[in-house]
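Chemist: can you look at this prediction? I've put the sequence above it.
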Amino acid sequence: MSRTYSDITYTVEDRAAIITINRPDRYNAFRAQTVEELTWAFRAAMADSGVSSVILTGAGDKAFCTGGDVKQRAETGDYGPSESGMFEIGYLHKLIRDLPKPVIAAVNGVAVGGGHVLHVLCDVSIAAENARFGQSGPKVGSFDAGFGSAYLARIVGEKKAREIWFWCRLYSAQEALDMGLVNKVVPADQLMTEAKQWAAEVAEKSPTAIRFLKQSFNADTDHQAGFSNMAMTALDLFASTDEAQEGARAFAEKRPADFAKYL
C-alpha cells in the first residue's frame, strides 16, 4: 500500500531505504503524525525484499532530530493529531529494534531529547562533524526511563549515561565517538555518501545471518522493553502535571523553567 508523507520522506536507493525526518523548520522535532509516518516507513522497509538496510536522517544541516515537538505540546497540551489517534513513540522504538535489517543513523546535526534516543536505538550511528548529542528531558519536563536511559547505559556506561541525562549537556561528534556513542565521524558533506557505503557493504552479507545476529544482540536487552512500556505510561501521566507543563511553557517562551517548587 502506497502512502503519502508530509512529515518525512521515504526513498529507496540501490538496496537502502532512506527515511528522512522532514520538519527542518522545527529542527526535525516529531509530532504524533511524524511518528506515525515513521512507523509506516519502517514497516514498508521491513516488507520490501529489495531493501537490505535503512538509513535514518534529518532534513537540512542543523538537526537530525530534537525529539518531541515541545512547541506543539505547549500549544495544544499534546503532540497533535494522528490517523490512529495515538502518539506511538514507544511502538516506533520497538519497531527500530525489531526490524530484521540494520538501521543506520546518519546524524546530520543536533540529536537531542527523543531524537537522541532514536539514534541510540539504531544499530550504528555515523555522525557529521557538526553533529551534537545530548538529552533535554529534565529541562523541558520530560524523560525516557526506558530504552533512552537503560539502553544508553549499556552503550556508554552508567556514570556517563547519568551525566548525559541529569545535566543535559551537549557533546560534540568527537566526544560522542570517544564514548562509543557513534561509530564514525565524517565531514558533513560526506555524511550520506558514507552512510550509503555502509549500507552497500552490509547488502553484500547474508540477510538471514544479519537477522539472527540482530535478534541475538537484542535478546540481551529485550527485558528493557517492559520498563519502556511502563515508562511511556508514566510519561503520559506526568505530561499532564503542572511540573511537566512548566517545562514545555518555558521552552516555548524561551525562558528558564522554574522547577523549584516541585522539589
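Modeler: It's in. As the structure is a computational prediction, the values presented were derived from the model and not from experiment. Residues are numbered from 1 along each chain as shown.

Chemist: all strands of the stretch 101-250 of the chain, in order?
Modeler: In the stretch 101-250 of the chain, the strands defined using DSSP state E, counting those that start in this stretch lie at 103-107, 110-112, 124-128, 132-134, 170-172, 184-186.

Chemist: avg pLDDT for the first one?
Modeler: Per-residue pLDDT over strand 103-107 has a mean of 99.

Chemist: please compute how far it lies from its chain's middle.
Modeler: Distance of strand 103-107 from the chain centroid (Cα atoms, centre = their mean, to the nearest Å) equals 10 Å.

Chemist: list of residues touching it?
Modeler: The contact list for strand 103-107 (Cβ atoms under 8 Å, 6 or more residues apart in numbering) reads 53-57, 64, 96, 111, 118-119, 121-128, 131, 133, 173, 182, 191-192, 194-195, 198-199. Glycine gets a C-beta too; all of them are placed from N, C-alpha and C.

Chemist: please name the strands paired to it in the sheet, noting orientation.
Modeler: Here strand 103-107 has these sheet partners by DSSP bridges: strand 53-58 (parallel), strand 124-128 (parallel).

Chemist: distance to residue 244, mean neighbour count and mean pLDDT for the ones you listed - can I get that in TSV?
Modeler: TSV is the format used below for the strands paired with strand 103-107 (distance: least, Cβ to Cβ, whole Å; neighbours: other Cβ atoms under 10 Å; pLDDT from 0 to 100):
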stretch	distance to residue 244	mean neighbour count	mean pLDDT
strand 53-58	25	27	98
strand 124-128	29	25	98
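
Chemist: could you dump these to TSV with distance to residue 87?
Modeler: What follows is the strands paired with strand 103-107, written out as TSV (distance: least, Cβ to Cβ, whole Å):
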stretch	distance to residue 87
strand 53-58	19
strand 124-128	24
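
Chemist: ok, which of those comes nearest residue 86?
Modeler: strand 53-58 (21.3 Å; Cβ to Cβ).

Chemist: got the contact list for the closest residue to residue 249 other than its chain neighbours?
Modeler: Sequence neighbours aside, residue 74 is the residue nearest to residue 249 in space, at 5.5 Å (criterion: Cβ to Cβ, 6 or more residues apart in numbering). Counting by Cβ under 8 Å, 6+ apart, residue 74 makes contact with 245, 248-249, 251-252.

Chemist: buried subset of those residues?
Modeler: Among the contacts of residue 74, those classed as buried by 16 or more other Cβ atoms under 10 Å are 245, 248-249, 251.

Chemist: so which of those sit within helices?
Modeler: Secondary structure assignment by DSSP state H places 245, 248-249, 251 of the buried ones among the contacts of residue 74 in helices.
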